[in-house]
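[1] Task: produce atomic coordinates for the following.
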Amino acid sequence: MASTAYYEKIVQEDLNVGTSTATIKNPGGGSLTGTQVGLHTFAVTQVKTTTTWNASSIAVGGMEAKDVTVTGAALGDFAVASLSVDVSDLTVSASVTATNTVTVVLANNTAAAVDLASATLAVLVFKSA
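    Below you'll find the model as predicted:
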């Protein structure tokens with residue numbers, strides 16, 4: 001006889017500010033309560049900077065990287081980036097690659113080359129220690 005297990009998400013990690021709780025019915029009886037936490041919960045401080053980025057046309061399967069100086073960034077910190085334009089299904093990633101340096105990468109996994117307009121690049125670093 002096959003058994004079926006039912007699971008519900010009761011803990012969520014995201015970039016929202018604040019914390020909250022969620023309670024669900026436990027299939028085995030009673031209830032379960034989880035706490036929603038954001039990345040900021042684990043961060044000691046936050047550092048943000050902006051700059052202009054006029055990425056070149058990125059070929060299918062290609063990528064372009066930009067190093068951004070973020071004073072206080074250190075290896076092991078969390079980094080996120082955003083652009084002020086529609087990124088046309090490009091993947092945007094950011095990571096601290098050296099002291100005071102965040103590398104932001106635009107990767108093109110679409111079926112055509114993409115040439116973005118010049119944009120404001122915002123980089124946010126969450127200090128982990």
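[2] Domain-wise, how is the chain divided?
    The record's domain split for the chain, according to automatic domain parsing, is 1-42, 46-126.
[3] Show me which of those domains has the highest average neighbour count.
    A comparison of those by mean neighbour count, using mean count of other CB atoms under 10 Å, puts domain 46-126 on top with a mean of 16. Every residue, glycine included, has its C-beta placed from N, CA and C.
[4] one step back: pick out the shakiest of the domains of the chain, pLDDT-wise.
    Looking at the domains of the chain, the lowest mean pLDDT belongs to domain 1-42 (a mean of 57).
[5] give me the element the closest residue to residue 80 other than its chain neighbours is part of.
    Closest residue to residue 80 apart from its sequence neighbours, by CB to CB, 6 or more residues apart in numbering: residue 124 at 5.1 Å. Taking DSSP states H and E as the criterion, residue 124 maps to strand 119-126.
[6] go on, residue 65?
    Counting by DSSP H and E, residue 65 is part of strand 63-69.
[7] Quickly note the distance from the most centrally placed residue in the chain to residue 48.
    In the chain, the C-alpha nearest the mean C-alpha coordinate belongs to residue 80, at 4.7 Å (CA atoms, centre = their mean). Using CB to CB, to the nearest Å, we find residue 80 at a distance of 10 Å from residue 48.
[8] can you check residue 71 too?
    Per CB to CB, residue 71 is found 11 Å from residue 48.
[9] now residue 76
    Counting by CB to CB, the separation of residue 76 from residue 48 is 18 Å.
[10] which residues sit in contact with residue 95?
    Counting by CB atoms under 8 Å, 6 or more residues apart in numbering, residue 95 makes contact with 79, 102-103.
[11] rewinding a little: adjacent strands (with direction) for the strand holding residue 124?
    Strand pairing for strand 119-126, determined by DSSP bridges: strand 46-53 (antiparallel), strand 78-83 (antiparallel).
[12] With only the CA atoms kept, save the longest one in PDB.
    Output of strand 46-53 as PDB, limited to C-alpha atoms (Å, rounded to 0.1, in the frame of the first residue of the first chain):
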ATOM      1  CA  GLN A  46      23.900  47.000   4.500                       C
ATOM      2  CA  VAL A  47      25.900  48.900   2.000                       C
ATOM      3  CA  LYS A  48      24.500  50.300  -1.300                       C
ATOM      4  CA  THR A  49      26.000  52.000  -4.300                       C
ATOM      5  CA  THR A  50      24.900  53.000  -7.800                       C
ATOM      6  CA  THR A  51      26.700  53.500 -11.000                       C
ATOM      7  CA  THR A  52      25.900  53.700 -14.800                       C
ATOM      8  CA  TRP A  53      26.300  50.600 -16.900                       C
END
